[in-house]
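Student: fold the following.
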Amino acid sequence: MSDLFYKIALTKIPGVGAVLTKQLVAWCGGIQEVFTASKKDLLKIPGIGKKTLEGILAKSSLDEAEKEMLFLEKNKDVQTLFYLDKNYPARLRHFNDSPVMLYYRGNTNLDVHRTVAIVGTRKPSEHGKIACEDLVKGLKKYNPLVISGLAYGIDITAHRKCLEEGIPTVGALGHGLDMIYPASHRKTAHEMVKNGGLISEFTSAEGPDGPHFPMRNRIIAALSDAVIVVESGKKGGSVITAEIANSYNKDVFAIPGRLKDKMSEGTNHLIKINKAHLLTSADDIGYIMGWEKKTSGSGQMPLFVELTPEEKNITNLLTGKDGEAIDAISYSTGMAQSELASLLLNMEFKGIVKSLPGKRYILT
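Tutor: Down below sits the predicted model:
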């Protein structure tokens with residue numbers, strides 16, 4: 001069997017989530033080795049009990065992988081993005097709970113310099129729809145990739161306005177790529193594949209079950225530099241996305257609404273408890289994210305500043321970029337975040353780098 005077969009099978013082991021799956025691969029020393037390891041060795045791995053062991057040893061995951069391989073053979077345009085592969089989205093790579101495997105149908109670069117998520121209620125007001133469309137139009141000058149969930153309401157409004165404005169947009173789905181839910185968004189989804197795409201961690205035949213959507217929300221949050229909540233009730237799915245984004249140290253923005261307006265309870269509350277920046281226009285995002293200042297990309301250092309080998313490594317990494325998250329710098333340099341934070345602070349004192357919101361850094 002191919003390497004891809006076992007990668008898919010890993011994701012189909014009953015009761016084993018992303019974190020434990022990655023732990024399995026690390027302990028066993030490889031992907032296929034997870035399925036060839038002895039019971040004794042598997043039980044030594046933290047988090048592996050008898051029930052989990054039964055799931056690993058059962059043939060059900062291999063049978064499911066075989067079905068998915070048939071789907072991929074018939075759908076050559078679907079790309080597989082495994083967490084250890086080079087083509088796996090860089091922004092997702094740094095989170096332990098990021099999907100082990102992603103399925104992507106589209107033509108845009110998921111590692112573009114600027115990404116924005118736009119989320120909100122499934123039943124927006126006319127005011128909310130207009131605010132969403134104005135926001136998308138205002139974001140165009142920053143050349144972002146816009147991400148949302150292809151759901152009713154704010155999600156589909158954002159996707160459709162992006163298509164109208166020629167902005168690439170990606171929909172994160174709560175089901176496999178063999179279907180589109182809701183079906184009424186099928187035409188929009190097909191257009192998105194031409195300028196953007198559709199992404200999911202679910203295999204074909206996995207439908208839009210309730211638990212899938214919170215899982216989908218973490219992909220939206222992790223893929224984005226900034227998450228914008230347009231309208232939401234106090235306990236809406238978009239508020240969950242905002243909470244996840246905050247836990248990932250992402251910048252969250254919310255459009256304020258009228259007092260006692262149910263569609264603004266969620267956004268107003270996020271602003272009130274300092275979990276979202278107050279947003280009145282796309283320019284607020286450009287200012288807070290530091291996107292308004294254009295960098296030459298030359299990476300020219302202040303005169304007479306001597307750099308240590310570690311500092312040179314970081315400056316080379318940041319050259320030509322308009323901001324890089326500390327977790328991405330940590331991954332690229334192999335340095336622990338605690339050590340890296342101290343080094344970056346020293347570089348900031350020297351005038352070499354500047355800190356941006358969301359624990360991101362840019363060359364001065």
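Student: domain ranges for the chain?
Tutor: Domain assignment for the chain by automatic domain parsing gives 1-74, 115-288, 309-363.
Student: any chance of TSV for those domains, columns mean pLDDT?
Tutor: Formatted as TSV, those follow (pLDDT from 0 to 100):
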stretch	mean pLDDT
domain 1-74	92
domain 115-288	96
domain 309-363	85
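Student: deepest-packed of these, please.
Tutor: domain 115-288 (a mean of 21; mean count of other CB atoms under 10 Å). Where you see a C-beta, it was placed from the backbone N, CA and C, and this is true even at glycine.
Student: re earlier: I'd like the domains of the chain laid out as CSV, including distance to residue 90.
Tutor: What follows is these, written out as CSV (distance: least, CB to CB, whole Å):
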stretch, distance to residue 90
domain 1-74, 16
domain 115-288, 10
domain 309-363, 6
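Student: ok, which of these comes nearest residue 100?
Tutor: Nearest of those to residue 100, taken as CB to CB: domain 1-74 at 4.9 Å.
Student: now residue 53: closest residue in space that isn't a chain neighbour?
Tutor: Residue nearest to residue 53 in three dimensions, not counting chain neighbours: residue 42, with 5.6 Å by CB to CB, 6 or more residues apart in numbering.
Student: again with residue 336
Tutor: residue 330 (7.0 Å).
Student: residues in contact with that neighbour?
Tutor: By CB atoms under 8 Å, 6 or more residues apart in numbering, the contact list for residue 330 reads 94, 336-337, 340.
Student: kindly report the same for residue 174.
Tutor: So residue 174 contacts 149, 181, 200, 202, 208-209, 212-213, 215-216 (CB under 8 Å, 6+ apart).
Student: kindly recompute the last result at 10 Å.
Tutor: Residue 174 makes contact with 149-151, 181, 200-202, 206-217, 219, according to CB atoms under 10 Å, 6 or more residues apart in numbering.
Student: return the subset of the residues you listed lying in helices.
Tutor: 212-217, 219 (DSSP state H).
Student: dump these to CSV, plus distance to residue 98.
Tutor: CSV is the format used below for these (distance: CB to CB, whole Å):
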residue, distance to residue 98
212, 16
213, 17
214, 14
215, 11
216, 13
217, 13
219, 8
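Student: dump the helix or strand hosting residue 328 to CSV, restricted to CA.
Tutor: According to DSSP states H and E, residue 328 maps onto helix 326-333. Provided in CSV are the C-alpha atoms of helix 326-333 (Å, rounded to 0.1, in the frame of the first residue of the first chain):
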residue,chain,number,x,y,z
ILE,A,326,6.5,34.0,16.8
ASP,A,327,5.3,30.4,16.5
ALA,A,328,6.3,30.4,12.8
ILE,A,329,9.7,31.8,13.7
SER,A,330,10.1,29.2,16.4
TYR,A,331,9.3,26.4,13.9
SER,A,332,11.6,27.7,11.2
THR,A,333,14.6,28.4,13.6
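Student: ok, then the element right after that helix?
Tutor: Scanning forward in sequence from helix 326-333 by DSSP H and E, the next helix or strand is helix 337-349.
Student: check the offset of whatever helix or strand comes next after that next one from the chain's centre.
Tutor: Of the helices and strands lying after helix 337-349 in sequence (DSSP H and E), the nearest is strand 353-356. Mean C-alpha position of strand 353-356 versus that of the full chain (CA atoms, centre = their mean, to the nearest Å) differs by 22 Å.
Student: each with direction, which strands does strand 353-356 pair with?
Tutor: Looking at strand 353-356 with DSSP bridges, its partner strands are strand 360-363 (antiparallel).
Student: who's in contact with the spatially most central residue of the chain?
Tutor: Residue closest to the average C-alpha location in the chain (CA atoms, centre = their mean): residue 223, at 2.1 Å. By CB under 10 Å, 6+ apart, the residues touching residue 223 are 89-92, 98, 102, 110-111, 115-117, 145, 147, 170, 172, 199, 250.
Student: what bridges to the closest residue to residue 159 other than its chain neighbours?
Tutor: Once flanking residues are discounted, residue 159 sits nearest to residue 169: 5.1 Å by CB to CB, 6+ apart. Per DSSP bridges, the residues bridged to residue 169 are residue 146, residue 196.
Student: measure residue 169 to residue 106 for me?
Tutor: 10 Å (CB to CB, to the nearest Å).
Student: what do you get for residue 87?
Tutor: In terms of CB to CB, residue 87 sits 13 Å off from residue 106.
Student: so for these two, which residue has more residues nearby?
Tutor: Comparing residue 87 with residue 106 by other CB atoms under 10 Å, the one with more neighbours is residue 106, at 21 against 13.
Student: wait, what's in contact with the nearest residue to the more buried one once chain neighbours are set aside?
Tutor: Closest residue to residue 106 in three dimensions, ignoring its sequence neighbours and counting by CB to CB, 6+ apart: residue 197, at 1.6 Å. Counting by CB under 10 Å, 6+ apart, residue 197 touches 77, 79, 104-110, 145, 168-172, 189.
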